[in-house]
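A.B. asks: Here is a sequence together with a model predicted from it:
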Amino acid sequence: MNGAGRGYAAVRVAAARPGAKSETWMWIAQRASAALLALCVLVHLATIIYAVRHGLSGEAILARTRGNGVGLAFYALYVLAIAVHAPIGLRSLLQEWLGWRSASLNWFMGAVALALFAFGLRAGWAVFAAPT
Amino acid sequence: MKNDFRARNHPAWWAFLLHRLSGLALSLFLPFHFWALGQAFQGEARLDKLLVWTEQPLVKFAELGVILLLAAHLTGGLRLLALEFLPWRGWQKTLLAWAAGAALAAGLAFALAL
Amino acid sequence: MNMLQVSVWRGGGDGEYRSYEVPRQESQSVLDVVTYIQRNIDATLSYRFACRVGMCGACAMTVNGVARWTCRTHVAKVDQGGAIQIAPLANLPVVKDLVSDMREFFDKWARARGQFAPRATRKDAFARVASDSPGRLAADAGIECIGCGVCYASCDVVSWNPDYLGPAALNRAWTLVNDVRDGARRERLAAVAGDAGCHACHTHLSCSERCPKSIAPTASIAGLKRAVAIAAWKGEL
């Protein structure tokens, strides 16, 4: 027993705030995805610089990417991290700068996350899938 | 009473603004990026057409801008992670300098590789 | 005589700036300027002060757009071409002239569970807290706050989300989270979570930049962010 029930500590137990759990988990998700994205973006920037040095043509790019399973896996992880990270940041912006604080905002951000994930995966498939 | 820019005029606040605006710009750019990659479904020729389009000076310039924004958001984000997860007292301004420097270096590397 | 042009907020929230001329003096503080106006030009000017030496935190105002203790701010440090502008603290309702209503600011300390909740009773022995223990050091870093409201007035998250508890209340909560004698850790972490709590902080660092006591509330809030996240992870939130 930690003694929380005695003396002054017996003051009413504060009720958890609105969004206590959801806001905390969103913060965790955004920081975790940020750490993952830091790695992904470094690889991405390096790839961009490599690509502009080694031929930036449709043929050259697709020759490097088509059928590249590791590339596709990395790309899928990258897209997932983006789909988690971007909507949480945009949500803060919409709340603070546009005053959009109703429940509809959360549905909207959920839709944005799904759209980014689906559209991003489609793009990855277009570039990395083996030629048929 | 509300604050104006005078209350906000310090390096960390400008770093916040850059981080937020670069995040917004990158989010808006993403759908175009995904759309462009999706053009690969239609073969190399279609991709080449797009790449020719990006050779225009203005588009090239915008591309450099997007890369700078990405680098700035990356380094600004690393700075934030450091501020939130490390015992940082006293060296937040050093962090800021590192973040700005690294972002510029990334942009420069791209510019020189062109 | 060398005169200072002073623009002072008069009236309530819908008031306006009015201009006064105050003789310039050596080592003159902004509080001296306000006092001069009230005693020699317009006795109806309302403002708040007590100690005049940076101990009480009552005289905080907005000087040239930046929240400051007026008693510890020399005119020479802030005047711009012989002119200064003085307003009540931002992010708080204006009572009249330079007096802002601090009620919400202090209510938030209570809402962040800023009260110490002892684990021991008067029958127990004194707690022994080593001065170099990590908890004591973390509490020490934030304990000197005198509640002047400068950080709260400087915080944009408060401007954008009026429910946000703010730097001072969260800093207070963090000192208690690190107090080994306190028995309300879990309730306090729950009280500082949520959309008005610690995770709303965007690390603008305005509070840390402006704090006249050089406290870094941002660091305290970061500590709360981690502690609340760990509590959520363990299912204790």
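C.D. replies: Structure's in. What do you need?
A.B. asks: For the rest of this, base every contact and every neighbour count on C-alpha atoms.
C.D. replies: Will do.
A.B. asks: Can you tell me the centre-most residue of chain B?
C.D. replies: B:L69 (1.5 Å; CA atoms, centre = their mean).
A.B. asks: Now for A:A130: which residues touch it?
C.D. replies: Going by CA atoms under 8 Å, 6 or more residues apart in numbering or on different chains, A:A130 touches A:66-68.
A.B. asks: next one: stretch C:186-206 to chain centre, how far?
C.D. replies: 16 Å (CA atoms, centre = their mean, to the nearest Å).
A.B. asks: Alpha carbons of that stretch, as PDB, please.
C.D. replies: Extracted C-alpha coordinates of stretch C:186-206, given in PDB (Å, rounded to 0.1, in the frame of the first residue of the first chain):
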ATOM      1  CA  ARG C 186      -0.900   8.300 -10.600                       C
ATOM      2  CA  GLU C 187      -3.800  10.800 -10.200                       C
ATOM      3  CA  ARG C 188      -1.400  13.700 -11.100                       C
ATOM      4  CA  LEU C 189      -0.200  12.000 -14.300                       C
ATOM      5  CA  ALA C 190      -3.900  11.400 -15.300                       C
ATOM      6  CA  ALA C 191      -4.600  15.100 -14.500                       C
ATOM      7  CA  VAL C 192      -1.800  16.400 -16.800                       C
ATOM      8  CA  ALA C 193      -2.700  14.000 -19.700                       C
ATOM      9  CA  GLY C 194      -5.300  14.700 -22.400                       C
ATOM     10  CA  ASP C 195      -5.800  17.400 -25.100                       C
ATOM     11  CA  ALA C 196      -5.300  20.200 -22.600                       C
ATOM     12  CA  GLY C 197      -2.300  18.600 -20.900                       C
ATOM     13  CA  CYS C 198       1.400  18.100 -21.400                       C
ATOM     14  CA  HIS C 199       1.300  16.500 -24.800                       C
ATOM     15  CA  ALA C 200      -0.200  19.600 -26.300                       C
ATOM     16  CA  CYS C 201       3.100  21.400 -25.800                       C
ATOM     17  CA  HIS C 202       4.900  22.000 -29.100                       C
ATOM     18  CA  THR C 203       8.300  22.900 -27.600                       C
ATOM     19  CA  HIS C 204       8.100  26.600 -28.800                       C
ATOM     20  CA  LEU C 205      10.400  27.200 -25.800                       C
ATOM     21  CA  SER C 206       8.800  30.700 -25.300                       C
END
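A.B. asks: does any bit of it sit next to chain B?
C.D. replies: Yes - using CA under 8 Å from any CA of the partner chain, stretch C:186-206 reaches chain B at C:202-206.
A.B. asks: coming back round to it: of the contacts of A:A130, buried ones?
C.D. replies: A:66-67 (16 or more other CA atoms under 10 Å in any protein chain shown).
A.B. asks: which non-adjacent residue is nearest the residue nearest to the centre of chain B?
C.D. replies: B:S22 (5.4 Å; CA to CA, 6 or more residues apart in numbering or on different chains).
A.B. asks: so the one you found is in which element?
C.D. replies: Take DSSP states H and E as the rule and B:S22 turns out to sit in helix B:11-38.
A.B. asks: likewise C:C207?
C.D. replies: Using DSSP H and E, C:C207 sits within helix C:206-210.
A.B. asks: got it, and C:L89?
C.D. replies: With DSSP H and E as the test, C:L89 turns up in no helix or strand.
A.B. asks: wait, does the lengthiest helix in chain C contact chain A?
C.D. replies: The longest helix of chain C (DSSP state H) is helix C:217-233. Yes - applying CA under 8 Å from any CA, one finds helix C:217-233 touching chain A at C:228-229, C:232.
A.B. asks: Could you point out the helix or strand that follows the helix holding B:S22?
C.D. replies: helix B:44-53.
A.B. asks: and that following helix, which residues are buried?
C.D. replies: B:44, B:47-48, B:50.
A.B. asks: Please apply the same query to stretch A:68-82.
C.D. replies: For stretch A:68-82, the buried set under the neighbour-count rule, 16+ other CA under 10 Å, comprises A:71-72, A:75-82.
A.B. asks: Run through who's touching that stretch.
C.D. replies: Against stretch A:68-82 from outside (CA under 8 Å, 6+ apart): A:33-34, A:36-37, A:40, A:65, A:116-117, A:120-121, A:124-125, A:128-130.
A.B. asks: which stretches of chain C form strands?
C.D. replies: C:3-10, C:16-23, C:60-63, C:66-69, C:83-87, C:94-96, C:99-100 (DSSP state E).
A.B. asks: how about TSV for these, with distance to C:A120 and mean pLDDT added?
C.D. replies: Shown next, in TSV, are those (distance: least, CA to CA, whole Å; pLDDT from 0 to 100):
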stretch	distance to C:A120	mean pLDDT
strand C:3-10	49	98
strand C:16-23	53	98
strand C:60-63	37	98
strand C:66-69	38	98
strand C:83-87	45	97
strand C:94-96	41	98
strand C:99-100	38	98
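A.B. asks: Determine which of these approaches chain B most closely.
C.D. replies: strand C:66-69 (4.9 Å; CA to the nearest CA).
A.B. asks: Could you export that closest one as CSV, CA atoms only?
C.D. replies: Extracted in CSV, the C-alpha atoms of strand C:66-69 (Å, rounded to 0.1, in the frame of the first residue of the first chain):
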residue,chain,number,x,y,z
VAL,C,66,7.2,40.7,-24.5
ALA,C,67,6.0,39.5,-21.0
ARG,C,68,8.4,40.7,-18.3
TRP,C,69,8.7,41.6,-14.6
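A.B. asks: strands paired with it, and their directions?
C.D. replies: Strand C:66-69 sits in its sheet next to strand C:60-63 (antiparallel), going by DSSP bridges.
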